[in-house]
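Participant: I'd like to go over a predicted model; first the sequence, then the structure.
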Amino acid sequence: MKTNAVTLRPTTREDYPKVQVLLAEVGWPVRSQEGWDWAFENNPDRVALECELGVPVASGWVLESDEGIHGYLGNLPQSFSIDNTRVVGATCTSYLVQKKWRAHSVKLMRAFFTQPGVQMVYSTTANANSVPLYKLYKAETLADPKVTQSLLWVASDRSFIEFALRRKGLTAFLPFGKLLAPVLHSLRTLVGYASLPALAFGGTIRQLQASDVGDAFDDLWQTVKEQPGLWLARNKELVQWRYSNPDTLEDMVLLGAFEREILVGYLIAKADRKPNDKVSRVYLLDMVVNPNASQNVAPCLMHKLCGWAKAQDLPWVEAPRFGGTLGEQLRNCQPHVRQLALTSHYLRVFDKAVQEKLQNGPAWPCSAVDGDAWLGMTDHTVRSNRIQWKATTSNLAPTHIGNQIK
């Protein structure tokens, strides 16, 4: 039987409900309408690129036939700086196609790699299914070994013990978690396992709100972008936007480090809460430190974050796939290093000058905000004040190709 013709087109805001059906069918987190608008309609980098080009910039693409939407790929323009020069890039998110229509999946990736106005395209959350398509379009992996590592710090010994007991099915021993916690803490401190060093840098660490993100963040960004490497833009407007995801804001934290009332560093993290039989943790999404500040700023920020995680009753803090300078700073905070099985970072640079600088210069200091990981790490159930979209048909069964963290 001949199937309906499949067409590729840019997504529109009206596509949101149908795309959410696809996301829900493969178990990926769904977003509220506010969350969709925040990520795709109100992305400052996409809006700026539209103004520069004078034409619409796609927020993604869908595969469609008379039967409906069968595939989706989101598009997130992001701006960078290398040698104090602006570079426009784009990353993709939520790459999935229904099994029946998988022969057309390459059309989505072709649209992503051939979009106008960008100097490079990349993914920081590729998986075994999507890698062949990245390679087909000549995207390359990063040489930096730090992007295949995840760094962990134990925040709450009691929660850590209780998690381990639940995973082993030993729930009858949960009351002993509180008694064993001091013993585990002492042992970890003795051997230095996933324990941050106790340091001070002569300043203060404060928990900030979005309204606190002001000119001090622009001043810090001016200093950071002059350092070697390909730096994702972190000006005031972009930090405010990244810290205002309406679907995750209740679970996010922004910590700032100040010396003599001058902002010398900050981090953004997200509590990722899952059912008891899965791993709940705090994800470090981003950390930036003034290179001229004390070397103790990063450890002190991480100390404060571990304290916040403990107050949230979460067992540990995890920093996955931080590269370059950022990865080095975190490695100095005495983490437990876990080697990851798959390479997730793929990059293709179209601008020859940028490509030459990357080949001959320092590594890309990437974090979770350089791709779609910060966007994908949302709750698996939408909060009660959000609309939860559910599949209305039973025969969708899409197969995810995937570059979204679940």
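Facilitator: Perfect, I can see it now.
Participant: Name the nearest residue to V30, sequence neighbours excluded.
Facilitator: Q20 (4.7 Å; Cβ to Cβ, 6 or more residues apart in numbering). Any C-beta I mention is one placed from the backbone N, CA and C, and that applies to glycine too.
Participant: Tell me the helix or strand right after the helix or strand harbouring that neighbour.
Facilitator: Remark: Q20 resides in helix 16-25, with elements defined by DSSP states H and E. Using DSSP H and E, the helix or strand that follows helix 16-25 towards the C-terminus is helix 33-36.
Participant: buried ones in that next one?
Facilitator: Neighbour-count burial for helix 33-36, counted by 16 or more other Cβ atoms under 10 Å, picks out 35-36.
Participant: Start at 340, not 1
Facilitator: Sure, I'll start counting at 340 from here, so that last one is helix 372-375.
Participant: Determine how far it lies from the middle of the whole chain.
Facilitator: 17 Å (Cα atoms, centre = their mean, to the nearest Å).
Participant: tell me the mean pLDDT for the helix or strand following that helix?
Facilitator: Remark: after helix 372-375, the chain's next helix or strand is helix 383-392, criterion DSSP H and E. Averaged across helix 383-392, the pLDDT comes to 95.
Participant: chain center to helix 383-392: distance?
Facilitator: Using Cα atoms, centre = their mean, the offset of helix 383-392 from its chain centre is 22 Å.
Participant: do the same with stretch 366-380
Facilitator: That offset, for stretch 366-380, works out to 15 Å (Cα atoms, centre = their mean).
Participant: Can I get it as CSV, trimmed to CA atoms?
Facilitator: Extracted in CSV, the C-alpha atoms of stretch 366-380 (Å, rounded to 0.1, in the frame of the first residue of the first chain):
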residue,chain,number,x,y,z
GLY,A,366,8.9,9.0,27.4
TRP,A,367,10.6,12.3,26.9
PRO,A,368,9.6,15.3,29.1
VAL,A,369,6.9,17.5,27.7
ARG,A,370,6.7,21.2,28.1
SER,A,371,4.0,23.7,28.8
GLN,A,372,3.0,26.2,26.2
GLU,A,373,4.9,28.7,28.2
GLY,A,374,7.9,26.5,28.2
TRP,A,375,7.7,26.0,24.4
ASP,A,376,7.5,29.8,23.8
TRP,A,377,10.4,30.4,26.2
ALA,A,378,12.7,27.9,24.4
PHE,A,379,11.8,28.5,20.8
GLU,A,380,9.8,31.7,20.3
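Participant: Now do the buried residues in it.
Facilitator: 367-371, 374-379.
Participant: just to revisit the earlier point, in the helix holding Q359, which residues are buried?
Facilitator: So helix 355-364, judged by 16+ other Cβ under 10 Å, has buried residues 355, 357-364.
Participant: Same check on stretch 590-608?
Facilitator: Neighbour counts over stretch 590-608 (16+ other Cβ under 10 Å) mark 590-598, 602-608 as buried.
Participant: Next: stretch 566-578.
Facilitator: 566, 568-575, 577-578.
Participant: returning to what we had before: nearest to C390 among the buried residues of helix 355-364?
Facilitator: Nearest to C390, judged by Cβ to Cβ, of the buried residues of helix 355-364 is Y355 at 23.8 Å.
Participant: is it true that the closest one touches Q372?
Facilitator: Yes. With contacts counted by Cβ atoms under 8 Å, Y355 reaches Q372, the gap being 6.2 Å.
Participant: circling back: tell me how far the helix holding Q359 is from the chain's mean position?
Facilitator: Relative to where its chain is centred, helix 355-364 has its mean C-alpha point 21 Å off (Cα atoms, centre = their mean).
Participant: for that helix, packing partners?
Facilitator: strand 407-421, strand 424-437 (3 or more Cβ pairs under 8 Å, 6 or more residues apart in numbering; DSSP states H and E).
Participant: Any chance of a markdown table for the ones you listed, columns mean pLDDT and mean neighbour count?
Facilitator: Below are the helices and strands packed on helix 355-364 laid out as a markdown table (pLDDT from 0 to 100; neighbours: other Cβ atoms under 10 Å):
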| stretch | mean pLDDT | mean neighbour count |
| --- | --- | --- |
| strand 407-421 | 95 | 22 |
| strand 424-437 | 93 | 22 |
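Participant: export those to CSV and tack on distance to W703?
Facilitator: Below are the helices and strands packed on helix 355-364 laid out as CSV (distance: least, Cβ to Cβ, whole Å):
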stretch, distance to W703
strand 407-421, 9
strand 424-437, 11
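Participant: among the ones you listed, which is nearest R670?
Facilitator: That would be strand 407-421 among the helices and strands packed on helix 355-364, by Cβ to Cβ, at 22.9 Å.
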